[in-house]
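Trainee: return a 3D structure for these sequence lines:
(chains A and B)
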Amino acid sequence: MNTDDLIDELGRQATPASPLPAPSWRTAVWMLWSVVYMVVVAIVMLAGTSAAGITITPLYLLQQGAAVMTAITAARAALGSVIPGTAAGLWTRPAVSAGVWVALMLWNARLDARAAGTLGIASHTDWPCVASMMVGGIVLGGPLVWMLRRGAPLTPRPTAFLAGLAAVSMANIEACLLRPHAFASTVLLWHGVTAVVIACVFAALGRRWLRWPAADRSYLTAR
Amino acid sequence: MDAPDAADAHLSHLMARAQRGDQDAYVTVLRAITPRIRQIVRRRRAFLGESDVEDVVQEVLLSIHAVRATYDPARSFMPWVSAITRHRLADAGRHHLRHGVREVAVDDLDVTFPASTPNSSDETFGDPDALARAIEALPSGQRQAVQLLKLQELSLKEASAETGLSVGALKLATHRAMASLRRALRDTDQ
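Mentor: All right, here's what the predicted structure looks like:
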């Protein structure tokens, strides 16, 4: 098929295609879903016994705020990266937000070490939080990937990594609410490594999940 | 407003109409941007032949068509087109590299083994009528796959374009057809 014929055929195939809402708006929709999920988790938690023992301090709130910012900026960057011509500075905001979260955790770990005389890294394992973050990563990451699939998969792996980072940042908050942690270093190590692994899994699957829509020539010949 | 901005605004306006389903506006936009896409492809892939350039241009047009909902009429149009073109060029480059590494150019050798038996040019099935009947007896999808891929020797991509079926569906239909033919011809032999 020569290019002129292809253009004519595409013209015949041109059904209405409403422009996607702005990435910020789509980010807000995804955050709304995340909040619903968090509320459900909180309700389930309150029905059980595991919520006891969490001490809300300003530093704790700052850490959770940084995690929320990481989620928002990563989701916004991911959703922006599927809009051609708007992906400049893709990594900056999520990187800064994640950096702030890590810095706050390190600061908290330093305070723990001063108070308790130990970082507490080997004090206990944190497998329940790993499981919780994996579930959260799937529940929150799935809809985000679905939203991304409506866009142009210009950079599938970085886009999927950002989606994973966004999902797991929110899942981290859920895991922090799920059970109290005596040492910030435990959170940094277990939650941090889990977050990186889940985001990397998303990135590895990015090319599989985010493909150009079935735009090979097959449907063009449906004359 | 200078000329490039005016041209961009015009294309943006047409694309907005295309997004609402205006086919004439869409064709006008595609015709207007095709020379620019071709220019970008030629500039960035100077080593490509004309037919390869057209292949990439068509891939870009198909991609634009597939993601036309991602265009926001409030933004400039050509940066949107250029971004798609750049990324599709990079994809085409990666695809070319991946397949180039796997493929080895060989001469068209007639002889495969020193002995004469395996080099017989008479490799047709013993009973062409039985083969024709067996092909006719296949379900239509399988028959079509065999005719295009085995008899007409089209590539999967070409056959896909011809039939509207996906490459995967064609592979599956061919696999099933060959299994059915083997069974049918074995029964004929016996």
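
Trainee: looking at it, residue A:75 is touching residue A:162, isn't it?
Mentor: Yes: counting by CB atoms under 8 Å, residue A:75 touches residue A:162, with 7.5 Å between them. For glycine as for every other residue, the C-beta is placed from the backbone atoms N, C-alpha and C.

Trainee: ok, which stretches of chain A are helices?
Mentor: Secondary structure of chain A (DSSP state H): helices located at A:3-12, A:23-47, A:58-81, A:92-116, A:127-148, A:156-178, A:184-186, A:192-204, A:206-209.

Trainee: show me which positions of stretch B:170-189 end up buried.
Mentor: B:170-171, B:173-174, B:177-178, B:180-181, B:184-185 (16 or more other CB atoms under 10 Å in any protein chain shown).

Trainee: go on, stretch A:181-193?
Mentor: For stretch A:181-193, the neighbour count (16+ other CB under 10 Å) marks A:181, A:183-192 as buried.

Trainee: what helix or strand is the spatially most central residue of chain B on?
Mentor: Centroid-nearest residue in chain B: residue B:157, 4.2 Å away (criterion: CA atoms, centre = their mean). Taking DSSP states H and E as the definition, residue B:157 sits inside helix B:156-163.

Trainee: helix or strand next in line after that helix, which one?
Mentor: Taking DSSP H and E, what comes next after helix B:156-163 is helix B:167-189.

Trainee: need the contact partners of that following helix.
Mentor: A:216, B:125, B:127, B:130-131, B:134-135, B:137-138, B:141-146, B:148-150, B:156-157, B:159-160, B:163, B:165 (CB atoms under 8 Å, 6 or more residues apart in numbering or on different chains).

Trainee: and stretch A:133-143, by the same measure?
Mentor: By CB under 8 Å, 6+ apart, the list of residues contacting stretch A:133-143 from outside reads A:30, A:33-34, A:37, A:41, A:163-164, A:166-168, A:170-172, A:174-175, A:191, A:194-195, A:198, A:202.

Trainee: can you give me every residue that contacts the residue nearest to residue B:154 when sequence neighbours are not counted?
Mentor: Closest residue to residue B:154 apart from its sequence neighbours, by CB to CB, 6 or more residues apart in numbering or on different chains: residue B:148 at 4.8 Å. By CB under 8 Å, 6+ apart, the contact list for residue B:148 reads B:154, B:158-159, B:162-163, B:170.

Trainee: where does pLDDT dip in chain A?
Mentor: Scanning chain A for pLDDT under 70 picks out A:46-54, A:87, A:123, A:214-223.

Trainee: kindly provide the distance from residue B:75 to chain A.
Mentor: Distance, residue B:75 to chain A, by CB to the nearest CB, to the nearest Å: 7 Å.

Trainee: surely that residue and residue A:86 touch.
Mentor: Yes: using CB under 8 Å, residue B:75 is in contact with residue A:86, at 7.4 Å.

Trainee: what about those two, which has more around it?
Mentor: Neighbours were tallied for residue B:75 and for residue A:86 using other CB atoms under 10 Å in any protein chain shown; the higher tally belongs to residue A:86 (19 against 15).

Trainee: quick one: the nearest residue to the more buried one once chain neighbours are set aside from residue A:26, how far?
Mentor: Closest residue in space to residue A:86, ignoring its immediate chain neighbours: residue A:80 at 5.5 Å, by CB to CB, 6+ apart. Per CB to CB, to the nearest Å, residue A:80 is found 9 Å from residue A:26.

Trainee: ok, so what distance separates the residue nearest to the spatial centre of chain A from residue A:98?
Mentor: Centrality entry for chain A: nearest residue to the mean C-alpha point is residue A:166, 1.7 Å, by CA atoms, centre = their mean. Applying CB to CB, the value for residue A:166 to residue A:98 is 11 Å.

Trainee: common neighbours of those two, please.
Mentor: Taking CB under 8 Å, 6+ apart as the criterion, residue A:166 and residue A:98 both touch A:70, A:74.

Trainee: alright, that wraps it up for me.
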